[in-house]
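In: Sequence first, then the predicted structure, then my questions.
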Amino acid sequence: MLTHLGWFTVRRRRLVLAVSALFVFVAAAIGTGAFGVLEDGGFEDPDAESTRAADILEEQFDDGGAPSLVLLARSSTGDVDDPEATADGAALTDALAAVQGVTEVESYWSLGGAPPLRSSEGDEALVLARVTGDEEEEVVDEVHDQLGGRRGVLDVTVGGPDAIGGEITRTVQSSLGRAELIAIPLTLLLLLFVFRSVLAASLPLLIGVIAIMGTLLALFVLGSITDVSVYSINLTTALGLGLAIDYSLFIVSRYREELRRGLPVSDAVVRSVETAGRTVTISALTVAVSLSALLIFPLYFLRSFAYAGIAVVLLAMVAAIVTLPALLAVIGHRVDSQPARRRAAAAVTSGDGGAGEQAEETDGFWHRVATTVMRRPLPIAAAVTIVLLLLGAPFLRLSVGLPDERVLPESSEARQVSERIQAGFPGDTAAAFPVVVEADAVVDRAALASYAAEVSEIDGVARVEGTDGVYQDGVPVDDGSQAAGARRDPARYVRGGTAWLEVVPSVELQSGAGEQLVEEIRDLDASFDTLVGGSAAQLVDTKDALLSRLPMALAIVAAATLVLLFLMTGSVLIPIKALVLNLLSLTATFGAMVWIFQDGHLSGLLDFTATGRIDSSMPILMFCIAFGLSMDYEVFLLSRIKEEYDRTGANAASVALGLERTGRIVSAAAALLAITFIAFGTAEVSFLKLFGVGLALAVLMDATVIRGLLVPAFMRLAGPANWWAPPALQRIHRRVGIAEADPLELARAAGRTVSTPTGAPDHS
């Protein structure tokens, strides 16, 4: 099939290039609409209790619930009860209520001096509200522009969940723009260094453009049908460019190799598609399968990365084995620089094209590394494995959470508001969360009051607010609002057979204590059905959703990897070895991430605030991406080892020569991809730093330590067993296996005795 495809791209190269150009034009014209249909959410399980609680509040209480917008007002007089501060506070409350899209406005002053909304020092007070509709970010911006800053004797700053979410979105967008400005010039310089030709260096960029534009088109279509996260575009850019470089490097390097052997341009293109193209296909399928495991998780944030990743991988593959060969057929020998073309022509003329190349390969850096490792495989394998296990040890104490204001830089206004409320106010009013009550017909108000009192007795609850008052430590208390006649409308909390309570915590919700608080409330025996919402409940539900599906995701990745590598190598041991080595590498990477981002080491250097937790979705997302990329490099290396082994039957020599032929390519590809990921490390949002630094470390470790040391060591220790398979599996491989070339033809060309598929000796 690939032979026919290769000849088609050569003979119809103008048609292929014209269709590719038309595809890019159409995809760019339509795909840019993806930014208008993608969402910025997707971090919750739609079937979870916390999500259902939020849905009920939105449907039955007109988007009611805990405050989503908080204004923190500091009085320059030092007392929020000062007459001037009181007048300015009342005016601020009225001004906020007048903003379109803002509802349920309450303040310290409108509630007649409610103590929970006044700081312990008495110099700060809160104004609480909710933002409704689909334009939360625009409303928050309007509030910030109109009401933020100095208002009489009050200095007003804007915070709350909506403000934090908006700042995270804006900071992520600006960080990604800066990352691209850093990564693209460095990538171009490194491409020029690797290819030694401006023309050749431009080829991966063209393939990347096809993959990225095509994926934007796919995301636009999917986003018009179902929920897709806008953050998936980040992966589209990084992975599209990275894999385009990977696949182009492999195809172009093989093409140059065939030209140096004296093949005509057309034959060299076809041979590159047959060999490197087959490897690219297997590699792309492996990466796509790894990413497809994200589809089983209920969070559409994770599923969106599968949509984008699978699309960009498959498009990069098609462009690399269809469009790139057509370009090579047009470019011909100009893919090399002028000095390289002269050297290649001289080698072919002298008849030394193959011999000179072979001599150079057996004296190259990676060949020497492989032979050195294979002289002492056991001590080297043991030492490297011990180091990787030690690096991975911190992963055993992984603790996950959800992003909060601390992912933002310390200069963030929304973060500063949250931290000042946590430090200076009784309880954490801004972190209040709902408990939704569902009765058969009409809520029993007496039972509801009893339940509210019971919730208020739980450790970690500062107070509970509802239509029947405020409860603290199991008894009703006066919050200061009743004396002023400002008790809120009972309809705010009860409608028909549904009610809700507002629970103000005294503990940090994104912590073990916060999770324990949710579990204790859920364990209470009530006479009606209850649903606990809020960020702590969302964290509990998210962890349950991820952990319950994680075994299936790992099984999908493992099974698909074992099958694909078996079809490529015909071996039982090599796929298992590859799986174990990749897991070993990723364990070390995740251990380093826990040590850096969870424990806070290097927080000063990388400029982030350690929270003692890692975003719950990041380990799974990074695993699927990093595992796919690791297998990408594994396939590149094994394909050349297998090709050489089929030709010579020498295990150790095949490993050394395979590593030499791919070492430079894999190292260059890893360095180029790592640049893209490291650029994410300059982001001002900590989970983007984690994503970038973690994947860069995973890619570099895999391309150097694993491929350079552990693979040759384990291949040498296994010896001929590397290529063993039971007879039944051998028959399957002969029928449906995927090889770089026909093993019989390679063996016959080398003059070796082989066995035909029927088992009869063949001495051709």
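Out: Cool, got the structure.
In: drop to CA atoms for contacts and neighbour counts, all remaining ones
Out: Will do.
In: who's in contact with L709?
Out: V369, A370, V373, I380, A381, V384 (C-alpha atoms under 8 Å, 6 or more residues apart in numbering).
In: Tell me where the stretch 401-550 of the chain has helices.
Out: 413-424, 445-456, 512-523, 535-569 (DSSP state H, counting those that start in this stretch).
In: typed the wrong thing, it's the stretch 601-750 of the chain
Out: 603-606, 618-648, 651-680, 686-701, 711-718, 727-736, 743-749.
In: Quick check: closest non-adjacent residue to the residue at minimal distance from the centre of the chain.
Out: What sits nearest the mean C-alpha location of the chain, by C-alpha atoms, centre = their mean, is L621, with 4.4 Å. Of all residues not flanking L621 in the chain, L302 sits nearest, at 6.8 Å (C-alpha to C-alpha, 6 or more residues apart in numbering).
In: Check the contacts of L709 for burial and list the buried ones.
Out: V369, A370, V373, I380, A381 (16 or more other C-alpha atoms under 10 Å).
In: what stretches of the stretch 101-250 of the chain score poorly on pLDDT?
Out: In the prediction, the stretch 101-250 of the chain carries no residues with pLDDT under 70.
In: Hmm, W366 is touching G663, no?
Out: Yes - counting by C-alpha atoms under 8 Å, G663 is a contact partner of W366 at 6.0 Å.
In: Show me the shaky parts of the stretch 301-450 of the chain.
Out: 337-362, 427-428, 430, 441.
In: For it, just list every one of the strands.
Out: 400-401, 433-438 (DSSP state E, counting those that start in this stretch).
In: okay if I get the ones you listed as JSON lines plus mean neighbour count and distance to Q730?
Out: As requested, the strands of the stretch 301-450 of the chain are arranged in JSON lines below (neighbours: other C-alpha atoms under 10 Å; distance: least, C-alpha to C-alpha, whole Å):
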{"stretch": "strand 400-401", "mean neighbour count": "22", "distance to Q730": "45"}
{"stretch": "strand 433-438", "mean neighbour count": "24", "distance to Q730": "60"}
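In: Export the ones you listed to JSON lines and append columns for distance to P727.
Out: Formatted as JSON lines, the strands of the stretch 301-450 of the chain follow (distance: least, C-alpha to C-alpha, whole Å):
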{"stretch": "strand 400-401", "distance to P727": "46"}
{"stretch": "strand 433-438", "distance to P727": "62"}
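In: Identify whichever of those lies nearest to T587.
Out: strand 400-401 (16.1 Å; C-alpha to C-alpha).
In: Which secondary structure elements does the closest one sit against?
Out: Here strand 400-401 touches strand 614-615, going by 3 or more C-alpha pairs under 8 Å, 6 or more residues apart in numbering; DSSP states H and E.
In: at 10 Å what do you get?
Out: The contact analysis (3 or more C-alpha pairs under 10 Å, 6 or more residues apart in numbering; DSSP states H and E) places strand 400-401 against helix 512-523, helix 535-569, strand 614-615.
In: Can you tell me which of these is most buried?
Out: Mean neighbours per residue, mean count of other C-alpha atoms under 10 Å, is largest over those for strand 614-615, with a mean of 21.
In: and the residue nearest to L621, how many neighbours?
Out: 25 (other C-alpha atoms under 10 Å).
In: I732 too?
Out: 12.
In: Does it touch S571 like I think?
Out: No - with contact defined as C-alpha atoms under 10 Å, I732 does not reach S571; the gap is 11.4 Å.
In: Now do the SS call for F43.
Out: Put simply, F43 is coil when judged by DSSP: H, G, I helix; E, B strand; the rest coil.
In: related to what we said a few turns ago, show the contacting residues for the residue nearest to the centre of the chain.
Out: Taking C-alpha atoms under 10 Å, 6 or more residues apart in numbering as the criterion, L621 is in contact with L291, A293, L294, F301, L302, R303, F305, A306, F627, F691.
In: pLDDT score for the first one?
Out: Pointing back at L291 there. For L291, the model assigns a pLDDT of 92.
In: ok, it to R303 distance?
Out: Note on L291: its distance to R303, by C-alpha to C-alpha, to the nearest Å, is 9 Å.
In: more neighbours, the two?
Out: More crowded of L291 and R303, by other C-alpha under 10 Å: L291, with 29 against 24.
In: residues contacting that one?
Out: 285, 302-303, 305-310, 313, 553, 557, 621-628.
In: ok so it is a helix residue?
Out: Yes - assessed with three-state DSSP, L291 lies in a helix.
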